[in-house]
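Visitor: only the shape, not the letters, is given here:
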């Protein structure tokens, strides 16, 4: 196989073309080696395998210990090792990855650097968006990925290099880390936001989930940790060779957050005590979680050489992030959409809007199908505890029955609180808006920036912002 000319690479047999290398990945439900015959029929010239039991005798093969790890290096090599030439800042954690990444990109831009971005909402070079193509090597995958599959990850880094970017900021998901997608990269700096139960359908337990997050710091020589999160010490213990910088509001750490002021929906301000002196931070993004996110972004920027004044200017002018505490209507009542899809994230956003809401807090939310079932009841508990009215509905039910998901959410609700079930998400939003009175805040939680809904029939266009505005206009 070493002397063979390769026309392309694929890990999906349906996308194989003549002359391709077919990389056999073992997934949760299927094994790529089961599709070797299909790939050969499509014209594959060589297969990359870990076992190769189903390969015809004498068919060209490359045998490796881990095909997922090999695939990352294959695509990195294909795009000429772009991360070797471009400094990468990688952000991981359960919540806040997108916010920290967007803040960092905005800071670097304010400092005069050309910055690339890869994350849940979009991938960008400067202000231009990189077409996503779903960012997955699975044929027609109906999803947007926090960390793209290697084919797109290393392509995007190469595009950033070719465009002259000075730095790249990316979100690193636990799935991507455990599947070795980032193994060829040595991030200049890794950032940890927080850890709470999520993706336990994949990681099985919190220990495995934490280890996946900690792997990012094993890849990087330097890290910035949220010292207020109990998992920070464990992250540091799993990556002893990574030089850690700690950010905390509890009077400890290399960066200390003091004099926190929460100004309702107008934003936050605080003093960041840093090795570069005391820095006054103002941010037009509400919530206590915004203090954590922005202080991590500020510390990461300062640790990578950005001037403190540029950090202050950037955070003071930070634009809103699509689907992150995004106000989509403001009249007699307010409508906000947010990506909160865990109990901890839901608690943070609902406590934030509670402080600035004169009337009732009305929350619309559901839980994703084919995903971690253990978070459904806790989200029901949290929503009903912190809301005056909770509307429980669907949210990307995928192959599951939406009613089964809702029944699991209902196991956690406070029975004495006011709540209702409206399975159709459009109808649920319209019900909440029709119920709202002057002074209320309607929270649409779980989908955030997503403009689609996934159910048993597939993926369908669905934009909560458009749904809400159309109903309110009518």
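Guide: Here it is on my side, so go on. The shown structure was predicted, so the numbers you read here are calculated from the model rather than taken from an experiment. Residues are numbered from 1 along each chain as shown.
Visitor: could you give the number of residues near residue 36?
Guide: 23 (other C-beta atoms under 10 Å). Just so you know, the C-beta spots here come from the backbone N, C-alpha and C atoms, and that holds for glycine as well.
Visitor: and it, that's in a strand?
Guide: No - per DSSP: H, G, I helix; E, B strand; the rest coil, residue 36 lies outside any strand segment and is helix.
Visitor: how close does it sit to residue 324?
Guide: 43 Å (C-beta to C-beta, to the nearest Å).
Visitor: which stretches of this structure have low pLDDT?
Guide: Scanning the chain for pLDDT under 70 picks out 132-144.
Visitor: again, only this time at 90
Guide: 1-4, 26-30, 52-53, 120-122, 131-146, 197-204, 251-252 (pLDDT under 90).
Visitor: where does the nearest residue to residue 32 once chain neighbours are set aside fall, phi/psi-wise?
Guide: Setting aside the residues directly before and after it, residue 32 is nearest to residue 24 in space (C-beta to C-beta, 6 or more residues apart in numbering), at 3.4 Å. Here is the backbone geometry of residue 24 (degrees, to the nearest 10): phi -90, psi 110.
Visitor: how far does stretch 1-13 sit from its chain's centre?
Guide: Distance of stretch 1-13 from the chain centroid (C-alpha atoms, centre = their mean, to the nearest Å) equals 31 Å.
Visitor: repeat that for stretch 97-111.
Guide: 15 Å.
Visitor: likewise for stretch 17-29?
Guide: 26 Å.
Visitor: quick check: end-to-end length of it?
Guide: With C-alpha to C-alpha, to the nearest Å as the measure, stretch 17-29 spans 24 Å from end to end.
Visitor: list the buried residues of it.
Guide: Neighbour-count burial for stretch 17-29 flags 20, 21, 22, 23, 24, 25 (criterion: 16 or more other C-beta atoms under 10 Å).
Visitor: same check on stretch 386-406?
Guide: Buried-residue list, stretch 386-406, by 16+ other C-beta under 10 Å: 386-398, 400, 402, 405-406.
Visitor: isn't residue 219 up against residue 181?
Guide: No - taking C-beta atoms under 8 Å as the definition, residue 219 is not a contact partner of residue 181, at 11.1 Å.
Visitor: ok, so of the buried residues of stretch 17-29, who is nearest residue 102?
Guide: residue 25 (30.9 Å; C-beta to C-beta).
Visitor: beta partners for residue 10?
Guide: residue 22 (DSSP bridges).
Visitor: pretty sure it sits against residue 24.
Guide: No - applying C-beta under 8 Å as the test, residue 10 and residue 24 come out as separate, 10.6 Å apart.
Visitor: returning to that earlier point: now distance to residue 255 too, for the buried residues of stretch 17-29, in JSON lines please.
Guide: Listed next are the buried residues of stretch 17-29 as JSON lines, based on distance: C-beta to C-beta, whole Å:
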{"residue": "20", "distance to residue 255": "49"}
{"residue": "21", "distance to residue 255": "46"}
{"residue": "22", "distance to residue 255": "48"}
{"residue": "23", "distance to residue 255": "42"}
{"residue": "24", "distance to residue 255": "46"}
{"residue": "25", "distance to residue 255": "40"}
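Visitor: what is the nearest of those to residue 359?
Guide: Nearest to residue 359 among the buried residues of stretch 17-29, with distances taken as C-beta to C-beta, is residue 25, at 51.4 Å.
Visitor: so what's that closest one up against?
Guide: 11, 32, 67, 68, 71 (C-beta atoms under 8 Å, 6 or more residues apart in numbering).
Visitor: quick one: which of the buried residues of stretch 386-406 sit in helices?
Guide: 386, 402, 405, 406 (DSSP state H).
Visitor: could you work out the most separated pair of those?
Guide: 386 and 402 (23.3 Å).
Visitor: out of residue 219 and residue 181, which sits in the busier spot?
Guide: residue 181 (25 against 19).
Visitor: the more buried one and residue 151 touch, don't they?
Guide: No - if you go by C-beta under 8 Å, residue 181 and residue 151 don't touch, sitting 10.1 Å apart.
Visitor: what's the distance between residue 169 and residue 32?
Guide: Where residue 32 is concerned, residue 169 sits at a distance of 32 Å (C-beta to C-beta).
Visitor: out of these two, which sits in the busier spot?
Guide: When residue 169 and residue 32 are compared for neighbours, residue 169 comes out ahead with 29 against 22, by other C-beta under 10 Å.
Visitor: quick one, what contacts that one?
Guide: 88-91, 101, 104-105, 108, 115-119.
Visitor: Three-state assignment for residue 442, please.
Guide: strand.
Visitor: my bad, should have said residue 431
Guide: From three-state DSSP, the assignment for residue 431 is helix.
Visitor: so what's the residue count around residue 358?
Guide: Neighbour number of residue 358 under other C-beta under 10 Å is 9.
Visitor: how about it: what's its closest non-neighbour residue?
Guide: Residue 358 sits nearest to residue 439 (C-beta to C-beta, 6+ apart), 4.0 Å away.
Visitor: would you confirm that the one you found contacts residue 362?
Guide: No - between residue 439 and residue 362 there is no contact under C-beta under 8 Å: 11.4 Å.
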